[in-house]
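**Q** please find the sequence and the predicted model below.
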Amino acid sequence: MNAKCPDTLDMFSIGIDEFERSNLSTQSSSVFKTVIADSYIDPQNPDFDCEGCKAYPLASPDNLSILTGYFVNGVAHKWDATTEPHTVIEKKKVAFNVGSGVLATNTNKKYLSYAIGTNDPELFVKIAEAGEAVIYHKDIDTAYQIVNKGMPESVFRLIAGKSAPQHNSDLFVQLDDSFKNFTKAGIKKLFLEKVNQLKQSIDPESFIQPPAEEKPLLDQQVDKGQVSLQIVNMATIQAQAINWLWSGWLPLGKLTILAGAGGCGKTNLLLALIATITTNGIFPDGSKCTDTGKVLIYSTEDDPNDTLLPRLIANGADLSKIDFIAGRINDKGEREPFDPTKDLPLLNAYAKQNPDIKLLMIDPIISAVGGDSNKATDVRRSLQVVVDFAQEFNCAVVGITHFAKGTSGSSPAERIIGSQAFTALARMVWSAAKREDENDCILVRAKSNISTLDGGIKYQIEPETVLENIETTKTAWLGTIEGSARELLSEAESTENSNGTAVDMAKEFLIDLLSPVENMPASEVQTEAKNAGYSVASIRRAKDSLNIKPFKEGTAWYWKLPAAFKEVPQLLPEYKQRY
């Protein structure tokens, strides 16, 4: 892997943003991006499509946080366009730069305690995939010099490779072939231990992090010690995709709030998700958890012995990856109650010792607030510590809370008890509710700055016996459900349909509407239902009750009655009564 190429595309003529939009996939990893189809971007091989090649980020050697281009590497294809489908005429290995710079990834992170230089391309990819800040150069001493020159003084320098450098050997981490089997958490632990070991042997004052570069306002010189703004020009920041623990639902590095009325199993719901995270299991929408790790629980609502532990066992969690905050140890070695309003900074020490932490559960989230939970200033001041923790350690934080009384029918995000600052600080807000008629519960996204709000999850809280004689409960996922958060919550809490009358009438309407036809576009069904005076919620529940399975043809969705209606038409009146 060579970071230099004599023939490069001119980034000044096409622009890095335009190059990314036109030629790189947005679904690629943070280590590299993938070139999309019909990208004829190699200046030496303009007839070759670089689809599938990898594009590694290049950074300025003077400031490694600035993205300056991409190094493209892989196999390109030359196609015969006269055939259908097109056939490959020739394959060719390609390696070229778009722009200029040195190979560097994750060096633009906001919170960065150390950076690594290496001369091994395989180590570069492995270290980068673990989320570490790393640069590559074929000469390991030069790699160190680039890190030393391109990173702020507050960032610790390391060198990693299979053979020792000529200089700065005290900062060298020896790696061998066994390193390829290290997990992401193992890699973080290895380098973190090395950094901590080195810092203990050097004057600690040399590692006091100075403030970020400050630009004087109105060209006035800022005196030493004077408070000033920290200014970052947007052109120096690299845009990044959201990092999901559960895609579309649970973001890493951000605060999520789970709210709901009593009886909908909020804690059990979260414990079931914790089980999925600790076992690489399947999330309730059918997607697989690919980023397993540790979970830390702080709860004042439930006892860990007789409530939390049995529920975790019932939900199939890996208990070895779950820690519970039982208290704090003071400077005299005595155990005291943990006070989240004062002791949340202690979580930093825990996270540094457990770099694979993926989720912090706080139940209730109001316990982390010092002062009045109805005052925005108190909530913001207290929860900012939680938000900073999530961001610094790329960890999901989920806080549990309740709906305020008398808010049924309101906007879901406005129903959370306490100040609106709770929902303002959270990037994701979940709402849970119990559906009495359906004998189940639903989970929806009441607020999201980073994903869609449509659709939800159905679940039930079921009894379970663990360890032979301990009675507890577990969460059973029942699949997904369509609709907006407000519609689904209103439906669940509606007393109008508690006797089933509206839904029964909607079922009869659907039978009459769909029985004469093979199928009908879903949009037409909704229009007919609206014109007939039926709510979206009633039609949806009637559809589920009749076991109508929507299907897709082309770009359109269709509804059709089950086959029994077609096979025995004389039974339609009976079906109307039965269903």
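**A** Everything's here; your move.
**Q** let me see the ranges of the strands in the stretch 201-350 of the chain.
**A** 244-246, 250-251, 255-260, 294-299, 322-324, 328-329, 335-336 (DSSP state E, counting those that start in this stretch).
**Q** and Val75, how many neighbours?
**A** 13 (other Cβ atoms under 10 Å). All C-beta atoms are positioned from the backbone trio N, CA, C, and that covers glycine.
**Q** so which elements touch the strand or helix carrying it?
**A** Assigned by DSSP states H and E, Val75 belongs to strand 63-80. Contact partners of strand 63-80 among helices and strands, from 3 or more Cβ pairs under 8 Å, 6 or more residues apart in numbering; DSSP states H and E: helix 16-23, strand 54-60, strand 87-99, strand 102-105, helix 140-150.
**Q** and the angle for it with helix 16-23?
**A** Interaxial angle of strand 63-80 relative to helix 16-23 (axes from the mean of the first three to the mean of the last three Cα atoms, to 10 degrees): 30 degrees.
**Q** give me the buried positions along strand 63-80.
**A** 64-73, 76-77, 79 (16 or more other Cβ atoms under 10 Å).
**Q** next, the angle from that strand to strand 87-99.
**A** Going by the same axes, to 10 degrees, strand 63-80 makes 160 degrees with strand 87-99.
**Q** got a list of what the residue lying closest to Ile365 once chain neighbours are set aside touches?
**A** Nearest non-adjacent residue to Ile365, counting by Cβ to Cβ, 6 or more residues apart in numbering: Gly399, 2.7 Å away. Listed by Cβ atoms under 8 Å, 6 or more residues apart in numbering, the contact set of Gly399 reads 255-258, 361-365, 368, 386, 426.
**Q** from Ser484, how far out is the residue most central in space within the chain?
**A** Among the residues of the chain, the one closest to the centroid is Trp244, at 1.5 Å (Cα atoms, centre = their mean). Taking Cβ to Cβ, to the nearest Å as the measure, Trp244 and Ser484 are separated by 21 Å.
**Q** check Glu336 too.
**A** Glu336 is 46 Å from Ser484, by Cβ to Cβ.
**Q** do the same with Ser25
**A** 30 Å.
**Q** and the two? Which one has more around it.
**A** Neighbours per residue, other Cβ under 10 Å: of Ser25 and Ser484, the larger number sits with Ser484, 18 against 15.
**Q** isn't the more buried one up against Leu453?
**A** Yes. Ser484 lies in contact with Leu453 (Cβ atoms under 8 Å); the separation is 6.3 Å.
**Q** anything in contact with each of the two?
**A** With Cβ under 8 Å, 6+ apart, Ser484 and Leu453 have common neighbours Val444.
**Q** how much space separates Lys447 from Ile362?
**A** When Lys447 is compared with Ile362 (using Cβ to Cβ), they lie 18 Å apart.
**Q** for Pro251, that is, sorry about that
**A** Distance from Pro251 to Ile362, by Cβ to Cβ: 16 Å.
**Q** tell me which helix or strand Glu524 sits in.
**A** Applying DSSP H and E, one finds Glu524 within helix 522-531.
**Q** so what secondary structure elements neighbour that helix?
**A** helix 501-514, helix 536-545, strand 556-559.
**Q** extract the CA atoms of the second one and return them as CSV.
**A** In this case it means helix 536-545. Provided in CSV are the C-alpha atoms of helix 536-545 (Å, rounded to 0.1, in the frame of the first residue of the first chain):
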residue,chain,number,x,y,z
VAL,A,536,-55.8,4.6,9.9
ALA,A,537,-55.4,2.9,13.3
SER,A,538,-58.7,1.0,13.0
ILE,A,539,-57.9,-0.2,9.4
ARG,A,540,-54.5,-1.4,10.5
ARG,A,541,-55.9,-3.4,13.4
ALA,A,542,-58.6,-4.8,11.2
LYS,A,543,-56.0,-5.8,8.6
ASP,A,544,-53.9,-7.6,11.3
SER,A,545,-57.0,-9.3,12.7
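**Q** buried ones in that helix?
**A** Buried-residue list, helix 536-545, by 16+ other Cβ under 10 Å: 536-545.
**Q** just the angle between it and helix 522-531, please?
**A** Using the same axes, to 10 degrees: helix 536-545 against helix 522-531 is 120 degrees.
**Q** same question, the first one
**A** Using the same axes, to 10 degrees, the inter-axis angle of helix 501-514 relative to helix 522-531 is 130 degrees.
**Q** quick one: average pLDDT of helix 501-514?
**A** For helix 501-514, the mean pLDDT works out to 79.
**Q** could I get the buried residue list for it?
**A** 502-504, 506-511, 513-514.
**Q** Val466: neighbour count?
**A** Count around Val466 with other Cβ under 10 Å applied: 16.
**Q** OK, contacts around the nearest residue to it once chain neighbours are set aside?
**A** Nearest residue to Val466 in three dimensions, chain neighbours excluded: Ile313, at 4.5 Å (Cβ to Cβ, 6+ apart). By Cβ under 8 Å, 6+ apart, the contact list for Ile313 reads 319, 466-467, 472.
**Q** most neighbours among those, which one is it?
**A** Of the contacts of Ile313, with other Cβ under 10 Å as the count, Thr472 tops at 20 neighbours.
**Q** pretty sure it contacts Asn305?
**A** No. Counting by Cβ under 8 Å, Thr472 stays clear of Asn305, with 11.6 Å between them.
**Q** secondary structure class for Ile548?
**A** coil (DSSP: H, G, I helix; E, B strand; the rest coil).
**Q** quick check: the gap between it and Val503.
**A** 13 Å.
**Q** same thing with Asp440?
**A** Asp440 is 15 Å from Val503, by Cβ to Cβ.
**Q** quick check: phi and psi at the nearest residue to Leu344 once chain neighbours are set aside.
**A** Excluding its sequence neighbours, the residue lying closest to Leu344 (Cβ to Cβ, 6+ apart) is Val385, at 4.6 Å. Here is the backbone geometry of Val385 (degrees, to the nearest 10): phi -60, psi -40.
**Q** mind listing the helices for the stretch 101-250 of the chain?
**A** 121-129, 140-150, 184-200 (DSSP state H, counting those that start in this stretch).
**Q** ok so, going back, list the contacts of the residue nearest to the centre of the chain.
**A** With Cβ under 8 Å, 6+ apart, Trp244 has these contacts: 250-252.
**Q** can you put the residues you listed in a markdown table and add neighbour count, pLDDT and distance to Lys93?
**A** Formatted as a markdown table, the contacts of Trp244 follow (neighbours: other Cβ atoms under 10 Å; pLDDT from 0 to 100; distance: Cβ to Cβ, whole Å):
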| residue | neighbour count | pLDDT | distance to Lys93 |
| --- | --- | --- | --- |
| Leu250 | 21 | 94 | 40 |
| Pro251 | 23 | 93 | 38 |
| Leu252 | 20 | 93 | 35 |
